[in-house]
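K.L.:
Structure, please.
(2 chains)
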Amino acid sequence: MFFSKMLIPTLREAPSDADNVSAKLMIRAGMIRKLGSGLYEILPLGLRLLRKVEKIIREEMNKAGGQEISLPLIFPKDLWVETGRWDVYGKELFRLKDRKMAEFCLAPTAEEAITDLVRKNINSYKNLPLMLYQFGTKFRDEIRPRFGVMRSREFLMKDAYSFHTDEADLEKYYKVMVDAYTNICKRCGFNFRIVEAASGAIGGSFSHEFMILADTGEEEIVWCNCGYGANSEKAQCLEYENSKENPADMEEVFTPDIGSVEDVAKFLKESPDKIIKTLIYTADSKPIAVLVRGGCEINTVKLQTLLGANEVLLADEKTVISVTNSPVGFAGPVNLKNIQIIADLSVLSIINAVVGANKKDFHLKNVNFKRDFNADIIADIRNVKEGDICPRCKKEKLKFSRGIEIGHTFKLGDKYSKSMNAVYLDTDGKEKFIIMGCYGIGVTRILAAIIEQSHDENGIIWTDTVTPFEVVIVPINYEDTKTKESVDKIYKELKSFDIDVLIDDRAERAGIKFKDADLIGIPYRITVGEKNLALGKVELKFRKDAKDKVKFLSLQETVDEIKSVFKQK
RNA sequence: CGGGGAGUAGCGUAGUUGGCUAACGCGCCUGCUUUGGGAGCAGGAGAUCGCAGGUUCAAGUCCUGUCUCCCCGACCA
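P.N.:
Below you'll find the predicted structure:
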């Protein structure tokens, strides 16, 4: 392939609205262009990259026994009403109407469609298990598209769905898929972790996210050397140890205009750990009181799951006043009537706690659980924080990292088969619900994630496995007969070995070609110039090395070295 | 949805107390000279200043509306 024949519009400067490293580099390298917020055009180099990633994923899916299919991008409303997700999915779902005013949505994921396909065509245990997958554009009306193709409104995703006779079979197959995803991550060269996650709008009992470690990642994950890993929104929190103190008599103290945890702690010269924060929430419009240790944060996802509520929000001022008879900042659990009280595990161990007195400008000291107040529910409803102990090994402190979620696997169980009545006939002649798993991986996002993990001040550094071209040949002057002969010879030899080669035949100066090669990030560069050619040599450079580190080799040596790198291919 | 910022040539920007033909760098085209890490000189093309309306002798500049983009937050998860 000739550079001059391809649409590769490289830029010296990134457009001012590109907001992170990978977006800037992908635009500058001529791989993508932005059409609108969260909408990107994929140019030839970008599409080559997507195809490379697709190939890796496809191989792993096929190895896992999957069959590739292709589902529509437009789904009728009916199916989504059946599962209830027409409402649940909310504003993120792109909705549209046809000429008959019938309603549809653009695919954000395809559980409904695939379950419909399977329920209509699978009747017997003899046809299970089954795994179907597809590559398809997904549409999500993100509240805030960001970071180029990392969080866009339209993106390429591989989604896979597995169907089983029972939980045990799903369990077994889930492991196969986790292995497949692990292989994909490895083949893409990722530094990654598998973490437990909240399943969100997809649902199901259990899910894992595949997180690429990168400081610029949107997600926060916690992990431990013992093997535990979780998205911080999902991570389990343990009870704190009891402080060794004798309970003292409860006492009311005057705290004028002092409402926040920090201010109360400072004023009373107590540690924030001794304060119990009382927050009034509304769970589906019903007020509830939630207790957590000062310095900890309530995790609304955990709270929502615990209560089985659709919506949990911090209550407004009016509600707080009506519930506590005091302004915001002085709520407390003692003598709090007519409201459900939910205590986080972190408050149980506090002896002689400080709480609001439900009275303007007053707090209570030496408050003790059981003796002075009680809770209707005690549960883990807070966020993990720095210093927390690993919930699995219970020894080491959890470590915090930032990550990019590129894959998510779910055990769905019968969530969809039940609501859509997808059943099979078992050996005993009885109808049973099909048990499902689903597995998504963001193809477009993988590209951005690789760049986030692998770039330098000159541009992108692709891996041998994911790159638009494996080798770029830079003739200093392609018009020179001897240069052209050598370049063509190397090209022909490498192509015969099934290696993707780009010849930068542009009539540009060498510097420009070098800069562009670095920016685009092709892992191997062969420079062919008259001076070295006179000595029978060309120059071989690895993109990941410093720019002055090169090898001078004969044509044949160069070809052999490249071949040896890609002999596995 | 709330708050803030911004739309001027393909990209990055200047110009905004109203005033001459809208400026600069990069990129692009032509020619000459150069030619191993973003060359030099000369010439040139390219912008109805996001869009619509208004004020004015005169609007990129002021006013109103509208669209788009970005940031922070909320929402979502």
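
K.L.:
Relative to RNA strand B, which residue of the stretch 451-569 of chain A is the closest?
P.N.:
Proximity of the stretch 451-569 of chain A to RNA strand B (CB to the nearest atom of the strand) peaks at A:G529, 1.7 Å away. Yep, even glycine has a C-beta here, placed from its N, CA and C like the rest.

K.L.:
Based on its surroundings, how many neighbours for that residue?
P.N.:
18 (other CB atoms under 10 Å).

K.L.:
and what of the one 5 residues further on?
P.N.:
Around A:A534 there are 9 other residues, counting by other CB under 10 Å.

K.L.:
and the gap between it and A:I490?
P.N.:
Using CB to CB, to the nearest Å, A:A534 is found at 17 Å from A:I490.

K.L.:
quick one: contacts for the residue of the stretch 251-400 of chain A found nearest RNA strand B?
P.N.:
RNA strand B sits closest to A:E311 of the stretch 251-400 of chain A, with a gap of 4.8 Å, by CB to the nearest atom of the strand. Contacts for A:E311 (CB atoms under 8 Å, 6 or more residues apart in numbering) come out as A:283-284, A:304.

K.L.:
Could you identify the buried members of those residues?
P.N.:
A:283, A:304 (16 or more other CB atoms under 10 Å).

K.L.:
In its sheet, which strands sit next to the lowest-mean-pLDDT helix or strand in chain A, and in what direction?
P.N.:
The weakest-scoring helix or strand in chain A, judged by mean pLDDT, DSSP states H and E, is strand A:312-314 (a mean of 80). Note on strand A:312-314: by DSSP bridges, its sheet partners are strand A:276-283 (antiparallel).

K.L.:
mind listing what's buried in the partner strand?
P.N.:
Residues A:276-283 are the ones in strand A:276-283 that count as buried (16+ other CB under 10 Å).

K.L.:
Export those residues as a markdown table, with columns for distance to A:L336 and pLDDT.
P.N.:
Below are the buried residues of strand A:276-283 laid out as a markdown table (distance: CB to CB, whole Å; pLDDT from 0 to 100):
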| residue | distance to A:L336 | pLDDT |
| --- | --- | --- |
| A:I276 | 12 | 92 |
| A:K277 | 13 | 90 |
| A:T278 | 8 | 90 |
| A:L279 | 12 | 89 |
| A:I280 | 10 | 88 |
| A:Y281 | 14 | 87 |
| A:T282 | 16 | 83 |
| A:A283 | 16 | 83 |
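
K.L.:
Could you look up the SS state of A:K318?
P.N.:
For A:K318, the assignment made with DSSP: H, G, I helix; E, B strand; the rest coil gives helix.

K.L.:
count of neighbours near it?
P.N.:
Neighbours of A:K318 (other CB under 10 Å): 8.

K.L.:
Could you pull up the contacting residues of the most centrally placed residue in chain A?
P.N.:
Among the residues of chain A, A:E405 comes closest to the average C-alpha position under CA atoms, centre = their mean, at 1.7 Å. By CB under 8 Å, 6+ apart, the contact list for A:E405 reads A:209-212, A:217-219, A:442, A:445.

K.L.:
rerun at 6 Å
P.N.:
By CB atoms under 6 Å, 6 or more residues apart in numbering, the contact set of A:E405 is A:209, A:211, A:219.

K.L.:
and the helix or strand hosting A:A449, how far from the chain's centre?
P.N.:
Assigned by DSSP states H and E, A:A449 falls within helix A:443-453. Put simply, helix A:443-453 sits 11 Å off its chain's centre (CA atoms, centre = their mean, to the nearest Å).

K.L.:
Now tell me what touches the helix or strand that it is followed by from outside.
P.N.:
Downstream of helix A:443-453, the next assigned helix or strand under DSSP H and E is strand A:455-456. If you take CB under 6 Å, 6+ apart as the criterion, strand A:455-456 is touched by A:I461.

K.L.:
ok, longest strand in chain A?
P.N.:
strand A:399-413 (DSSP state E).

K.L.:
Output the helix or strand just after that strand in PDB with nothing but the alpha carbons.
P.N.:
Remark: after strand A:399-413, the chain's next helix or strand is helix A:415-419, criterion DSSP H and E. Extracted in PDB, the C-alpha atoms of helix A:415-419 (Å, rounded to 0.1, in the frame of the first residue of the first chain):
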ATOM      1  CA  LYS A 415     -33.800 -12.400  33.800                       C
ATOM      2  CA  TYR A 416     -34.600 -12.200  30.100                       C
ATOM      3  CA  SER A 417     -35.800 -15.700  29.400                       C
ATOM      4  CA  LYS A 418     -38.400 -15.300  32.200                       C
ATOM      5  CA  SER A 419     -39.700 -11.900  31.000                       C
END
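
K.L.:
list the buried ones in helix A:415-419?
P.N.:
Under the neighbour-count criterion of 16+ other CB under 10 Å, helix A:415-419 has A:415-417, A:419 buried.

K.L.:
Leaving out sequence neighbours, find the closest residue to A:D518.
P.N.:
Closest residue to A:D518 apart from its sequence neighbours, by CB to CB, 6 or more residues apart in numbering: A:N458 at 4.0 Å.

K.L.:
How about A:S37?
P.N.:
A:P145 (5.2 Å).

K.L.:
how about the one you found, what does it touch?
P.N.:
A:37-38, A:151-153.

K.L.:
mind giving me CSV with those and columns for distance to A:N121?
P.N.:
Output for the contacts of A:P145, formatted as CSV (distance: CB to CB, whole Å):
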residue, distance to A:N121
A:S37, 39
A:G38, 35
A:R151, 35
A:S152, 33
A:R153, 32
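
K.L.:
out of those residues, who's near RNA strand B?
P.N.:
When contact is defined as CB under 7 Å from any atom of the strand, these meet RNA strand B at A:37-38.

K.L.:
does A:L398 really touch A:D388, like I thought?
P.N.:
Yes: A:L398 lies in contact with A:D388 (CB atoms under 6 Å); the separation is 5.3 Å.

K.L.:
who has more neighbours, those two?
P.N.:
Applying other CB under 10 Å to A:L398 and A:D388 shows that A:L398 carries more neighbours, namely 23 against 20.

K.L.:
Name the nearest residue to that one, ignoring sequence neighbours.
P.N.:
A:V222 (4.4 Å).

K.L.:
And for A:F373?
P.N.:
A:P333 (4.0 Å).

K.L.:
okay, now the one you found: neighbour count?
P.N.:
Applying other CB under 10 Å, we find 25 residues neighbouring A:P333.

K.L.:
Are we agreed that it is in a helix?
P.N.:
No: going by three-state DSSP, the assignment for A:P333 is coil, not a helix.

K.L.:
In contact with it: list those residues for me.
P.N.:
A:P333 neighbours (CB under 6 Å, 6+ apart): A:278, A:291, A:341, A:373.

K.L.:
interface residues of the stretch 301-450 of chain A facing RNA strand B?
P.N.:
Checking the stretch 301-450 of chain A against RNA strand B by CB under 7 Å from any atom of the strand, the hits are A:301, A:311, A:313-314.

K.L.:
of all the buried residues of helix A:415-419, which comes closest to RNA strand B?
P.N.:
A:K415 (13.3 Å).

K.L.:
Any stretches of chain A with poor pLDDT?
P.N.:
For chain A, the stretches with pLDDT under 70 are A:199-205, A:569.

K.L.:
hang on, the earlier thing: what lies in contact with the helix holding A:A449?
P.N.:
By CB under 6 Å, 6+ apart, the residues outside helix A:443-453 that reach it are A:22, A:25, A:49-50, A:53, A:149-150, A:155-156, A:158, A:212, A:214, A:216, A:404, A:406, A:460, A:466.

K.L.:
Strand A:399-413 and that one, what's the angle between them?
P.N.:
For helix A:443-453 against strand A:399-413, the angle by axes from the mean of the first three to the mean of the last three CA atoms, to 10 degrees is 170 degrees.

K.L.:
how about helix A:443-453: buried residues?
P.N.:
For helix A:443-453, the neighbour count (16+ other CB under 10 Å) marks A:443-453 as buried.
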